[in-house]
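**Student:** pasting the sequence and the predicted model now:
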Amino acid sequence: MDEIKKKFPVCIKIPVLWGQMDAFQHLNNVIYFRFFESVRITYFEKIGFLKYMEEKNVGPILTSTKCKYLKQIKYPDTLIIGAKVPEIKENRFLMEYAMGSMQKNTIVAIGKADVVCYNYKLNKKEVIPQEIKQKIIKLEKISL
């Protein structure tokens, strides 16, 4: 799963649990989104966005998400899930994910999410704070 670790600056490792499979004996589609959520939250923690939200009531909110299922995942397995931000706009950014199976040694799902910077006190979109934007740029090693 070196491919994911090289292309995605934030990665987590999660074991597949027996109870996460569905009646078709593969990982339930809801679990993919939970795993994407887990890596997304890890990314936000790494750039300080959750702490910023706690202090200023301004933080991320998911506006859309999708997943492309490439291969079935079955128990037992351990997954490597990566997240990156390839695009930043004034008040939103795109997040991409890759999920790799250690058992299959290949990418089994990819996903995307649109994340908006949101003022939870005023209930409206807000410009991404400069300090958060700079942390994303530094983590991603991108130039705008």
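**Tutor:** On my side now, so go ahead. Keep in mind that this is a model prediction, so the values were computed, not measured.

**Student:** can we go C-alpha only for contacts and neighbour counts from here?
**Tutor:** Noted.

**Student:** residue with max distance from the center of this structure?
**Tutor:** Ala23 (26.5 Å; C-alpha atoms, centre = their mean).

**Student:** which ones are touching that one?
**Tutor:** Listed by C-alpha atoms under 8 Å, 6 or more residues apart in numbering, the contact set of Ala23 is empty.

**Student:** okay, it: pLDDT?
**Tutor:** Note for Ala23: predicted pLDDT of 95.

**Student:** could you do Ser143 as well?
**Tutor:** Ser143 carries a pLDDT score of 58 in this model.

**Student:** and the residue nearest the centre of the chain, how far from Thr65?
**Tutor:** The chain has Arg40 as the residue nearest its centroid, 3.1 Å off, counting by C-alpha atoms, centre = their mean. Shown here: Arg40 relative to Thr65, a distance of 11 Å by C-alpha to C-alpha, to the nearest Å.

**Student:** now for the lowest-mean-pLDDT helix or strand in the chain, which elements pack on it?
**Tutor:** Across the helices and strands of the chain, mean confidence by mean pLDDT, DSSP states H and E is lowest for helix 2-7: a mean of 94. Helix 2-7 sits against strand 78-88, strand 92-101, with contacts defined as 3 or more C-alpha pairs under 8 Å, 6 or more residues apart in numbering; DSSP states H and E.

**Student:** rebuild the ones you listed as a markdown table, extending it with mean neighbour count.
**Tutor:** Putting the helices and strands packed on helix 2-7 into a markdown table (neighbours: other C-alpha atoms under 10 Å) gives the following:
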| stretch | mean neighbour count |
| --- | --- |
| strand 78-88 | 22 |
| strand 92-101 | 22 |
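
**Student:** which one of these lies closest to Ile12?
**Tutor:** Each of these has some distance to Ile12 by C-alpha to C-alpha; the shortest is strand 78-88, at 5.4 Å.

**Student:** and the contacts of the closest one?
**Tutor:** Strand 78-88 is contacted from outside by 1, 4-5, 7-16, 35-36, 39-40, 43, 93-103, 136, 140, using C-alpha under 8 Å, 6+ apart.

**Student:** only C-alpha atoms, please: export that strand in PDB.
**Tutor:** Provided in PDB are the C-alpha atoms of strand 78-88 (Å, rounded to 0.1, in the frame of the first residue of the first chain):
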ATOM      1  CA  THR A  78      -6.900  -4.500   7.100                       C
ATOM      2  CA  LEU A  79      -7.400  -1.300   5.100                       C
ATOM      3  CA  ILE A  80      -5.100   1.700   4.500                       C
ATOM      4  CA  ILE A  81      -7.200   4.800   3.800                       C
ATOM      5  CA  GLY A  82      -5.600   8.000   2.600                       C
ATOM      6  CA  ALA A  83      -6.900  11.500   2.200                       C
ATOM      7  CA  LYS A  84      -5.600  14.500   0.300                       C
ATOM      8  CA  VAL A  85      -6.800  18.000  -0.800                       C
ATOM      9  CA  PRO A  86      -5.900  18.600  -4.400                       C
ATOM     10  CA  GLU A  87      -8.100  21.700  -4.800                       C
ATOM     11  CA  ILE A  88      -8.800  24.700  -2.600                       C
END
